[in-house]
Each structure stands twice: as structure tokens, then as C-alpha cells.
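1. sequence first, then the predicted structure:
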Amino acid sequence: MEKKNIDWANLGFNYLPTDKRFVANYKDGAWDEGSLISDATVTMTECAGVLQYAQTCFEGMKAYTTEDGHIVTFRPDLNAARMEESCKRLEMPVFPQDRFVDAVVKTVEANEAYVPPYGSGATLYIRPFMFGSDAVIGVKPSNEYQFRVFTTPVGPYFKGGVKPITIRVCDFDRAAPHGTGHIKAGLNYAMSLYAIMDAHRQGFDENMYLDAATRTKVEETGGANFLFVTKDNKVVTPKSDSILPSITRRSLLVVAKDYLGLEVEEREVYFDEVKDFAECGLCGTAAVISPVGKIVDHGKEICMPSGMSEMGPVTKKLYETLTGIQMGRIEAPEGWIKVIK
Ligand SMILES: *Cc1c(COP(=O)(O)O)cnc(C)c1O
């Protein structure tokens, strides 16, 4: 298989259309069998549920080339299960989990020429998503839906080395206590755009959202879960019903416990405790872990002991172990790696 002539190491995180995408349509109460198509555009009525009332959800995952030349994805069954939860909460039909994984595999296979080579630092980002596609003007769920999977090659997240980021405590809320924070709905991102642009305008990289009800507990950022490390090397992650259950974060907790022998805790984390932690990182598919060097609460700075020039030692070990598992350098727990080719 001839790879595309792409400067892998200098790719950013941008959409570059690839040759094929998987498309299935839901109509009259059933999904069709779906197929791989070449058309990267979607044509639908101006009154579609997704356009009027944001009835849409998505997933994000990656395909990697391993050290021994296989193409793999990481825990796609968890993305399938999470998308089922998102669909149910949004009154959308579930695309069966086994068919979800199959669609991901088929789409990656069809775009093999775009899977970056081992060692380039780049990966093939995979975006499964679903939306209401028929006309709704009164507020109600759509009758027809489209499920699609496209891929796009993305560059190394840490170009020119890891750089700890500065985040601020945000005055806006991301998720209501009994809202949709725990599902991957497009609407959660639409309403966070103002907050993130405002953070950037004020010179911060990201927002730390607190729980909307009491504003005393740490939730997550706009698109990544928190991991903290205590001064005695315990790995702590916030627990809340309005946090999106990150697959990266859940995997890192297993790595911490089973590979590094560390104690792990998933519990409520009060913002008042944050100043006592030794390390802080943001977990998600894009970066795996992005280290946080500084947290600013309305002018009051919390400087993590790990500093502004490198990852803390535990964060670094977690990062290296999980990326080692994904790239096939370290043996994975049973069922984590789905070999595509
Ligand atoms: C997707 C997402 C994450 C990260 O989840 P991963 O499965 O690790 O990629 C974290 N927070 C939010 C709000 C998300 O949408």
C-alpha cells in the first residue's frame, strides 16, 4: 500500500478529507446496511433536526501504526458504548455497537494510505457521528438519521516538545447537574466556544470548569478530564455525573494501578485541594495527557511543583506507558487493541 505524500510530522489538527467515509441512514425505524462512499459532503433539508435543534452527537478516536507495522485502534468498543449512551440521551436511534466497530474498521481500511507511519508522531483521527436529518419544525426528535465515520490524518500533538499549559478557573458552566455533560453531544461544545475564546483572549490555554451547583468541585475542561497526582504519588481523578467519561482517563487509571503500581482514587475533588497536588494533567484522545503547569483562580495563581517546562514524573510515566501500549511497544491489557491490518 502506497502511502500518500504527506509531511506527517508537520500536520496540524485540521480536517484533511480522505478518500472514503462510511455512511448509514436510518429511516422507517431501521438502519440500512450502510456503505463506503467518496462524497465528503452532506445534502439535507434546511429544516433538519441537527440544523434546527442540534440533535447530534459524535465520537473521537485514532488509528495508529504500531512498531511492527500493524494498523490498530484503541478500545473502539468503549467509543461504541459511549455513543450508545449519547444517542439514548438525545432520543436518537442507537447504531449497534458491533456495527459501529465494524464501520470504524472499514473506514480505516479504506483510508490506509492516510494512516501515518510509525514514529512520525502523527495518527489517523477517526470521527464517528450521527445527526437528525429530516425536517422538524416543532420541537421533537427527528424521524430520520445519518451515521457517518470519516477519518483525517492529524499531526503530533506536542510539536517541538511538551509544554505545560496555563488554565483558568472558568466563571461559565460546562454542564448542569442533571444535564448532558456526561454525553458527547455537539451542543456541549457549541456553548463552550464563548468560554474558550474568552479564555484565549485573557491569555489562558484552557478553562477549568467547576461543578455548576456549588462551584466548589473540579469537573473537567471543555474537552479533557483531569488527572492529579498527590505529593505521595496517588493518582486522583474527579468523580461527577456531569463529567464526560474519557476513555483515555479510564485507561490511564488502569495503567497507574496495574502497570505502575500506584494507588488510584476516583472521587470528588474540591478546588481547595488543588493547591496541594504535585502534578496535574488533562486527558483525552488528542494529547493523551497534556500537563498543566499553572492554574489561575481570578488572579490567584497555583503553580504546580512540576513547573512550566516539563511533565511531572508520574504524568510522564503514565504518558509513556499508555502511548507505548497504543504503539505496540508495551503489551496491552486484554481487549484494548483492535488490530485492523
Ligand atoms: C471527548 C471528551 C473527552 C475525552 O475523552 P476521550 O475518550 O479520552 O477522548 C473529555 N471531555 C469531554 C467533554 C469530551 O467531549
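-> That came in fine, so what should we check first?

2. now the end-to-end length of stretch 109-121.
-> Distance across stretch 109-121, first residue to last, is 20 Å (Cα to Cα, to the nearest Å).

3. what's the burial count for residue 177?
-> A count of neighbours around residue 177, defined by other Cβ atoms under 10 Å, yields 13. In this view, the C-beta of every residue, glycine as well, is placed from N, C-alpha and C.

4. ok, the one 4 residues further on next?
-> Here the number of neighbours of residue 181 (other Cβ under 10 Å) works out to 22.

5. these two touch, right, it and residue 187?
-> No: using Cβ atoms under 8 Å, residue 181 makes no contact with residue 187, being 10.7 Å away.

6. near the ligand, which residues of the stretch 1-150 of the chain?
-> Counting by Cβ under 6 Å from any ligand atom, the residues of the stretch 1-150 of the chain close to the ligand are residue 60.

7. ok, now with 8 Å
-> 59-61, 78-79, 82 (Cβ under 8 Å from any ligand atom).

8. how about the one residue in the stretch 1-150 of the chain that gets nearest to the ligand: what's its closest non-neighbour residue?
-> Relative to the ligand, the nearest point of the stretch 1-150 of the chain is residue 60 (5.4 Å; Cβ to the nearest ligand atom). Distances taken as Cβ to Cβ, 6 or more residues apart in numbering put residue 285 closest to residue 60, at 5.1 Å, once the chain neighbours are dropped.

9. in helices only, show me the residues of the stretch 1-150 of the chain next to the ligand.
-> Cross-referencing these against helices under DSSP state H gives 78-79, 82.

10. what is the neighbour count of residue 5?
-> 6.

11. would it count as being in a helix?
-> No: applying DSSP: H, G, I helix; E, B strand; the rest coil, one finds residue 5 to be coil, outside a helix.

12. which residues does it contact?
-> For residue 5, no contacting residues are found, by Cβ atoms under 8 Å, 6 or more residues apart in numbering.

13. please begin residue numbering at 212 from this point
-> In the new numbering, first residue 212, that becomes residue 216.

14. and whichever strand or helix holds residue 505, what's buried?
-> Assigned by DSSP states H and E, residue 505 belongs to strand 499-508. Buried residues in strand 499-508, counted by 16 or more other Cβ atoms under 10 Å: 499-507.

15. please apply the same query to stretch 292-302.
-> For stretch 292-302, a neighbour-count test (16+ other Cβ under 10 Å) marks 293-295, 297-298, 301 as buried.

16. same thing with stretch 383-401?
-> So for stretch 383-401, counting by 16+ other Cβ under 10 Å, buried means 384-386, 390-399.

17. what is the nearest of those residues to the ligand?
-> Distance to the ligand across the buried residues of stretch 383-401 (Cβ to the nearest ligand atom) is lowest for residue 395, with 5.0 Å.

18. show me what contacts the closest residue to residue 392 other than its chain neighbours?
-> The spatially closest residue to residue 392, leaving aside those adjacent along the chain, is residue 386, at 2.4 Å (Cβ to Cβ, 6+ apart). If you count contacts by Cβ under 8 Å, 6+ apart, residue 386 has them with 392-393, 399, 420, 423, 430, 453-454.

19. and what of residue 229?
-> 322, 325, 361-364.

20. how is it assigned, secondary-structure-wise?
-> Classification of residue 229 using three-state DSSP returns coil.

21. looking at it now. What's its pLDDT?
-> Looking at residue 229, its pLDDT stands at 98.

22. now the strands: where do they sit in the stretch 362-511 of the chain?
-> Using DSSP state E, counting those that start in this stretch, the strands of the stretch 362-511 of the chain run over residues 376-380, 417-419, 436-440, 446-449, 475-478, 490-495, 499-508, 511-514.

23. can you redo those strands as JSON lines with mean pLDDT and distance to the ligand?
-> Below are the strands of the stretch 362-511 of the chain laid out as JSON lines (pLDDT from 0 to 100; distance: least, Cβ to the nearest ligand atom, whole Å):
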{"stretch": "strand 376-380", "mean pLDDT": "97", "distance to the ligand": "14"}
{"stretch": "strand 417-419", "mean pLDDT": "97", "distance to the ligand": "11"}
{"stretch": "strand 436-440", "mean pLDDT": "98", "distance to the ligand": "5"}
{"stretch": "strand 446-449", "mean pLDDT": "98", "distance to the ligand": "12"}
{"stretch": "strand 475-478", "mean pLDDT": "98", "distance to the ligand": "15"}
{"stretch": "strand 490-495", "mean pLDDT": "97", "distance to the ligand": "4"}
{"stretch": "strand 499-508", "mean pLDDT": "97", "distance to the ligand": "8"}
{"stretch": "strand 511-514", "mean pLDDT": "98", "distance to the ligand": "21"}
